[in-house]
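Asker: My questions are about this predicted structure, shown below with the sequence.
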Amino acid sequence: MRILLINPPRSPANAIYEWAHDEAKHLVHRRLIGPPLGLLTIAAAVSSDHDVALLEMKGEYDLDPSAPPPVELLRMWLEEHKPDVVGLTFIASEHPVGMELLREVKRFDAGILTVAGGLHVQLCPHDFDDPAVDVACVAHPPQVFRALVDTYERGELLDGVGGVMVRNGEGLRRTPAPLRAWDFAGNDFIPPDRSLIERWISTYVVGKAPGPTTYLFTSLGCPHRCSFCSIWPQFDGRYHQRHVESVIEELKTLDDYEVVRFADGNTVVDLKFADRLFDRIEEEGIKKTYVMDIRVDTAANSPKLIEKLARSGLKVVIAGFESFRDDELARFNKKLKAERIADAVKVFHDNDIMVRGNYVIPPTYEDDDFDALAESASRYKVALAGYTILTPMPGTAFYDEMADRIVDHDLSSYNFFNCVLETSMPLERFYERVGDLWRIRLGSEVI
């Protein structure tokens, strides 16, 4: 069968960027740079028996900002590839444009089987009860998509596929078939097929890096329970760790990439795994620059491990500082004390690791709160501090808590750069103060 997989374009909604001072706008990130690893894994799961094409719209618009609008671009690819199945991946902020793309698929050919998958589908399947969606993949394993396509090709009822919702006369309904217990991070792991992104590889260069960056997962899920996070609900609170040798074998295939961004929600959870992985990286002589997310308390408690990671190529760490106040960290269920931020920053700096410390700004902040945060943030000599807005992402505990305070229900705003809750101060003033924070760089240095 002919399959077209689509990574939709990013949501352009970014109020922080719009309100940031001109001299700080270049610091406000407007895009995450890296390949659609989930779709590449889906492609690898089916490519041995099916003809797979990938439309990487984020990369396409990075490659050519003057490319046709999404619906026109999609139609060009539909005319060229004439797919039997179209699959599209969703996060919350890309839901509106993604749904419009699936509607265009149906306008082009109502007989094409349309499949929605990804984080937002798994957390909020009710958002996909639309005639443009034939199937919603509500389970993670790529083997589910493989079973779906094979069953469809044989002309059998899709009710025999577990882990999906199928459209019938009453709307989307979960199939009665049980979901097989795939060991999708272990013995059943499928490495992504990066050959499909050759067209866009030049767009995966971050900053002044000498070459492109690729994502690589060493785990899925997270054992922590931060209230605003979507990662642990996506995997029902379970944490799935890959085998060390599986990661090593994938690293050996990445000759085209000088920078590897570990795309885990939290890379260093199992300390023994991280220790063994970097032993093997050293033994194999794998030379890369590594970027990863590490919790503040993990770094503060494990300086020797951080030292080992740095020796083998760890150069950049993204750390969720979240707040400078213990009471806010407790409300976020972060299980962290603010005093540990300084301890972690010292460990990173002692090992020449560049730190990006990220904060989330509650909509209840007043001028005094912004002043206090600015004063606190200026004490940490981090390479860059990022300031995003505390957002009740659909499917999270925080969303349920804040549901009656949400004032913006347009999902394109749900990317942490727009305030969707009622603010204590006038909204324009709130955005001005958030934009002001982005001027703090390298500690007390102000641009």
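Answerer: Good, I have the coordinates.
Asker: Would you list the phi and psi of the closest residue to residue 247 other than its chain neighbours?
Answerer: Nearest non-adjacent residue to residue 247, counting by CB to CB, 6 or more residues apart in numbering: residue 218, 5.3 Å away. Where C-beta positions appear, they are placed from N, C-alpha and C, glycine not excepted. Main-chain dihedrals, residue 218, degrees, to the nearest 10: phi -100, psi -10.
Asker: Where does residue 121 fall, secondary structure wise?
Answerer: Under the criterion of DSSP states H and E, residue 121 resides in helix 119-123.
Asker: Next one, pLDDT for residue 32 please.
Answerer: Listed pLDDT for residue 32 reads 74.
Asker: typed the wrong thing, it's residue 374
Answerer: At residue 374, pLDDT is 92.
Asker: just checking, next helix/strand downstream of the helix or strand harbouring it?
Answerer: Assessed by DSSP H and E, residue 374 sits inside helix 367-377. Remark: after helix 367-377, the chain's next helix or strand is strand 384-389, criterion DSSP H and E.
Asker: pLDDT on that next one, on average?
Answerer: Taken as a whole, strand 384-389 carries a mean pLDDT of 88.
Asker: Relative to that strand, what are the paired strands and their orientations?
Answerer: Strand 384-389 sits in its sheet next to strand 354-361 (parallel), going by DSSP bridges.
Asker: roughly how far is the strand it pairs with from the heart of the chain?
Answerer: Taking CA atoms, centre = their mean, to the nearest Å, the mean C-alpha location of strand 354-361 is offset from the chain mean by 16 Å.
Asker: Next, the angle helix 367-377 makes with that strand.
Answerer: For strand 354-361 against helix 367-377, the angle between stretch directions is 170 degrees (axes from the mean of the first three to the mean of the last three CA atoms, to 10 degrees).
Asker: before we move on, the earlier item: so who does the residue nearest to residue 247 touch?
Answerer: Counting by CB atoms under 8 Å, 6 or more residues apart in numbering, residue 218 touches 241-242, 247, 262, 264, 267, 273, 277.
Asker: The residues you listed into JSON lines, with extra columns for neighbour count, distance to residue 177 and pLDDT?
Answerer: Conversion of the contacts of residue 218 to JSON lines gives the following (neighbours: other CB atoms under 10 Å; distance: CB to CB, whole Å; pLDDT from 0 to 100):
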{"residue": "241", "neighbour count": "16", "distance to residue 177": "28", "pLDDT": "94"}
{"residue": "242", "neighbour count": "20", "distance to residue 177": "27", "pLDDT": "95"}
{"residue": "247", "neighbour count": "22", "distance to residue 177": "32", "pLDDT": "97"}
{"residue": "262", "neighbour count": "22", "distance to residue 177": "34", "pLDDT": "95"}
{"residue": "264", "neighbour count": "23", "distance to residue 177": "30", "pLDDT": "91"}
{"residue": "267", "neighbour count": "27", "distance to residue 177": "34", "pLDDT": "92"}
{"residue": "273", "neighbour count": "18", "distance to residue 177": "33", "pLDDT": "96"}
{"residue": "277", "neighbour count": "24", "distance to residue 177": "36", "pLDDT": "97"}
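Asker: If we only consider those, which is nearest to residue 395?
Answerer: Nearest to residue 395 among the contacts of residue 218: residue 264, at 19.2 Å, using CB to CB.
Asker: What separation is there between that closest one and residue 370?
Answerer: Distance, residue 264 to residue 370, using CB to CB, to the nearest Å: 32 Å.
Asker: and the helix holding residue 121, what's its mean pLDDT?
Answerer: For helix 119-123, mean pLDDT rounds to 96.
Asker: Report all helices and strands that it contacts.
Answerer: Packing contacts for helix 119-123, counted by 3 or more CB pairs under 8 Å, 6 or more residues apart in numbering; DSSP states H and E, involve strand 135-137, helix 231-234.
Asker: If we use 10 Å, what do you get?
Answerer: Applying 3 or more CB pairs under 10 Å, 6 or more residues apart in numbering; DSSP states H and E, one finds that helix 119-123 makes contact with strand 85-89, helix 95-108, strand 135-137, helix 231-234.
Asker: closest one to residue 284 among these?
Answerer: It's helix 231-234; of the helices and strands packed on helix 119-123, that one is closest to residue 284 (CB to CB) at 29.1 Å.
Asker: Quick check: what element follows that closest one along the chain?
Answerer: strand 239-241.
Asker: And the contacts of the helix or strand following that following strand?
Answerer: For strand 239-241, the following helix or strand on the C-terminal side (DSSP H and E) is helix 244-251. Outside helix 244-251, the residues that touch it by CB atoms under 10 Å, 6 or more residues apart in numbering are 185-187, 189, 191-192, 194, 214, 216-219, 241-243, 257, 260, 262, 272-281, 283-284, 286, 288, 290.
Asker: What subset of the residues you listed is buried?
Answerer: When the contacts of helix 244-251 are checked for burial by 16 or more other CB atoms under 10 Å, the buried set is 185, 189, 192, 194, 214, 216-219, 241-242, 257, 260, 262, 273-275, 277-278, 280-281, 286, 288, 290.
Asker: before we move on, the earlier item: what's the distance between the residue nearest to residue 247 and residue 280?
Answerer: Distance from residue 218 to residue 280, by CB to CB: 12 Å.
Asker: Residue 207 now?
Answerer: Computed as CB to CB, the residue 207 to residue 280 distance reads 28 Å.
Asker: dump the residue contacts of residue 71.
Answerer: The contact partners of residue 71, by CB under 10 Å, 6+ apart, come to 97, 100-101, 103-104, 107-108.
Asker: Restrict those to the buried ones and give me that as a ChimeraX selection.
Answerer: Listed next is the ChimeraX selection for buried residues among these, using 16+ other CB under 10 Å:
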select :97,101,103,104,108
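Asker: Out of the contacts of residue 71, which is nearest to residue 139?
Answerer: residue 101 (22.5 Å).
Asker: residues touching the closest one, list them.
Answerer: Contacts of residue 101 (CB under 10 Å, 6+ apart): 6, 8-9, 55, 57, 70-71, 73-75, 86, 88, 94, 114, 132.
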